[in-house]
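K.L.:
all I have is the shape, not the residue letters:
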Ligand code: NAD
């Protein structure tokens with residue numbers, strides 16, 4: 001039995017904090033200091049089954065609760081999240097390492113999905129076709145799929161869970177969230193606020209854990225749908241196993257996002273965009289720009305000269321440092337992995353223009369910091385180009401023509417995001433039309449769709465048929481039912497008045 005203490009977290013099952021029975025605890029680090037700030041119980045099979053059972057038991061009543069009543073609970077939830085905003089973003093920055101403004105952005109983008117889901121009565125309205133044959137009408141409605149599961153990554157502790165559960169709950173499903181074991185506190189706070197907002201017990205549950213917890217969820221007979229966001233190999237595994245088990249699965253995965261710079265682009269705008277998009281949140285964003293493709297030698301040279309001083313000037317520090325623009329990486333293990341990619345790039349023959357490996361952060365000597373790194377003359381056959389590094393490491397790949405840039409983008413195995421910077425409308429239009437990428441920006445480096453549109457990549461950045469949130473989210477979390485009715489003449493022709501005199 002795991003004991004809940006001030007520094008030992010819990011699962012949230014059936015509206016209660018639960019220690020779990022695994023006897024196993026994971027460490028949660030403050031990446032800025034390298035210290036352990038809390039422990040989290042890692043669920044075993046029995047813990048996960050308890051959460052799934054709670055969600056299954058709560059399903060019939062919640063599914064038949066009118067959509068407007070469900071939406072009102074989300075309205076209360078939104079107000080409570082705003083009241084507790086400071087507490088939430090502080091814990092998020094402490095466990096993740098991102099700056100406080102970044103954590104606020106993380107929460108705000110998530111809350112936008114809550115705002116979208118608050119309109120669920122309108123979104124669930126069905127289609128009606130009158131008289132499809134003589135006296136026959138047909139109508140289509142969307143009903144909840146059942147118990148839904150969310151498995152989320154470390155890099156957006158609020159936004160990514162909020163991509164999923166507000167819409168799932170609004171549609172009448174119950175939910176089990178398995179957040180990243182590296183950043184669990186945000187999800188636990190959100191769970192408590194849902195209960196305070198009036199959500200019935202068991203409708204939303206959080207289990208913490210790793211592979212054992214995920215595998216139990218993937219095979220649990222009561223689970224109907226799984227939303228995953230994380231790395232590609234794990235996502236592909238979850239998609240395969242989940243589908244084999246007959247579940248509906250959407251798995252949003254890794255990325256290598258390119259930004260193409262045309263010779264006519266506004267270079268100041270380009271450099272500002274790259275600094276934020278490549279180094280913001282230490283490059284640990286699935287929509288981070290990790291490859292810049294300048295078109296033509298002259299563009300490449302100008303860009304390189306403008307980028308170097310800006311990367312060198314990046315202010316690196318923990319979230320308590322108000323001036324910090326970029327925080328640490330998530331764990332020591334991940335820091336070592338990213339550093340090994342920097343060493344690999346040198347071995348592969350790329351030019352390491354800026355090496356951030358020796359960065360010094362006062363007070364953060366044991367933190368997981370890495371300074372911004374820049375590689376030039378990267379080529380498409382190098383592993384540092386092909387693989388997702390997920391750190392503040394930017395690769396310049398020089399090309400001679402626009403056509404070559406498009407070919408490069410299209411040949412990459414990932415297809416999450418891509419952007420083009422140009423003043424030429426024809427070029428921009430051709431780019432948006434031609435690239436095989438899910439989310440495309442024109443003079444916008446991180447083209448993240450808003451809540452009422454849908455988010456999702458192509459190629460090996462997404463497994464499944466649905467993108468996330470927006471109407472795609474409503475479709476993922478509902479099943480279509482089409483009903484055809486015929487009513488033969490019955491009591492309409494009958495006479496009901498008393499016939500006297502006979
Ligand atoms: P991750 O794949 O390591 O973990 C994601 C989730 O899967 C976590 O909850 C984790 O506990 C679980 N998990 C990890 N290994 C597992 C295994 N072997 N079996 C079963 N479950 C397992 O990802 P991460 O490091 O937390 O997050 C970074 C990754 O997420 C990056 O690749 C990034 O591109 C991706 N990401 C993608 C999007 C998107 O929308 N496409 C958004 C955010 C992050």
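P.N.:
Arrived safely. As the structure is a computational prediction, the values presented were derived from the model and not from experiment. Numbering: from 1, shown residues only.
K.L.:
I'd guessed residue 235 sits against residue 228; true?
P.N.:
Yes - counting by CB atoms under 8 Å, residue 235 sits close enough to residue 228 to count as a contact (5.4 Å). Any C-beta I mention is one placed from the backbone N, CA and C, and that applies to glycine too.
K.L.:
what's the overlap in contacts for the two?
P.N.:
Both residue 235 and residue 228 are in contact with 251-252, where contact means CB atoms under 8 Å, 6 or more residues apart in numbering.
K.L.:
the more surrounded of the two?
P.N.:
Remark: of residue 235 and residue 228, residue 228 carries more neighbours, 29 against 25, as counted by other CB atoms under 10 Å.
K.L.:
make sure that one is indeed in a helix.
P.N.:
No - checked against DSSP: H, G, I helix; E, B strand; the rest coil, residue 228 lies outside a helix; its state is strand.
K.L.:
residue 70 against residue 168, yeah?
P.N.:
No - the pair residue 70 and residue 168 does not pass the contact test of CB under 8 Å, sitting 10.7 Å apart.
K.L.:
excluding its backbone neighbours, what's nearest residue 440?
P.N.:
Leaving out its chain neighbours, the residue that sits closest to residue 440 by CB to CB, 6 or more residues apart in numbering is residue 432, at 5.0 Å.
K.L.:
I meant residue 394, not that one.
P.N.:
Spatially, and ignoring its direct neighbours in sequence, residue 394 is nearest to residue 278 (4.4 Å; CB to CB, 6+ apart).
K.L.:
that neighbour: what's it in contact with?
P.N.:
For residue 278, the contact set (CB under 8 Å, 6+ apart) comprises 288-290, 292, 372, 392, 394.
K.L.:
pipe those into CSV and attach pLDDT, neighbour count and secondary structure per row.
P.N.:
Supplementary listing: the contacts of residue 278 in CSV, determined by pLDDT from 0 to 100; neighbours: other CB atoms under 10 Å; DSSP: H, G, I helix; E, B strand; the rest coil:
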residue, pLDDT, neighbour count, secondary structure
288, 96, 29, coil
289, 97, 28, strand
290, 98, 25, strand
292, 98, 30, strand
372, 98, 26, coil
392, 98, 29, coil
394, 98, 28, strand
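K.L.:
contact residues of the stretch 251-400 of the chain facing the ligand?
P.N.:
For the stretch 251-400 of the chain, the residues found near the ligand under the criterion CB under 6 Å from any ligand atom are 252-255, 286, 388, 390.
K.L.:
swap the cut-off to 5 Å and go again
P.N.:
Listed as neighbours of the ligand in the stretch 251-400 of the chain under the rule CB under 5 Å from any ligand atom: 252, 254-255, 286.
K.L.:
packing partners of the strand or helix carrying residue 345?
P.N.:
For residue 345, the host element (DSSP states H and E) is helix 332-348. Where contact means 3 or more CB pairs under 8 Å, 6 or more residues apart in numbering; DSSP states H and E, helix 332-348 is packed against strand 351-354, helix 383-386, strand 393-396.
K.L.:
excluding chain neighbours, what is closest to whatever residue of the stretch 51-200 of the chain ends up closest to the ligand?
P.N.:
The minimum distance from the stretch 51-200 of the chain to the ligand, using CB to the nearest ligand atom, falls at residue 153 (3.0 Å). Leaving out its chain neighbours, the residue that sits closest to residue 153 by CB to CB, 6+ apart is residue 230, at 4.3 Å.
K.L.:
all helices of the stretch 201-350 of the chain, in order?
P.N.:
With DSSP state H, counting those that start in this stretch as the criterion, the stretch 201-350 of the chain has helices at 211-219, 232-244, 267-274, 297-312, 332-348.
K.L.:
so who does residue 33 touch?
P.N.:
With contact set as CB under 8 Å, 6+ apart, residue 33 has these partners: 318, 363-364, 366-367.
K.L.:
widest-spaced pair of these?
P.N.:
Within those, 318 and 366 form the most distant pair, 11.2 Å apart (CB to CB).
K.L.:
who has more neighbours out of those two?
P.N.:
Between residue 318 and residue 366, residue 318 has the larger neighbour count (other CB under 10 Å), namely 22 against 13.
K.L.:
right, and the more buried one touches residue 362 too?
P.N.:
No - under the criterion of CB under 8 Å, residue 318 makes no contact with residue 362, lying 9.9 Å away.
K.L.:
quick one: low-confidence parts of this structure?
P.N.:
Regions of the chain meeting the criterion pLDDT under 70 cover residues 499-502.
K.L.:
go again with 80.
P.N.:
Screening the chain residue by residue with the criterion pLDDT under 80, one finds the ranges 1-2, 4-6, 489-491, 493-502.
K.L.:
show me the domain layout of it.
P.N.:
With the TED database serving as the domain definition, the record reports that the chain contains domains spanning 7-253+461-484, 257-442.
K.L.:
reformat those as CSV; add distance to residue 497.
P.N.:
Formatted as CSV, those follow (distance: least, CB to CB, whole Å):
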stretch, distance to residue 497
domain 7-253+461-484, 26
domain 257-442, 66
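K.L.:
out of the ones you listed, which gets nearest to residue 451?
P.N.:
Closest to residue 451 of the domains of the chain, according to CB to CB: domain 7-253+461-484, at 3.9 Å.
K.L.:
sounds good, over and out.
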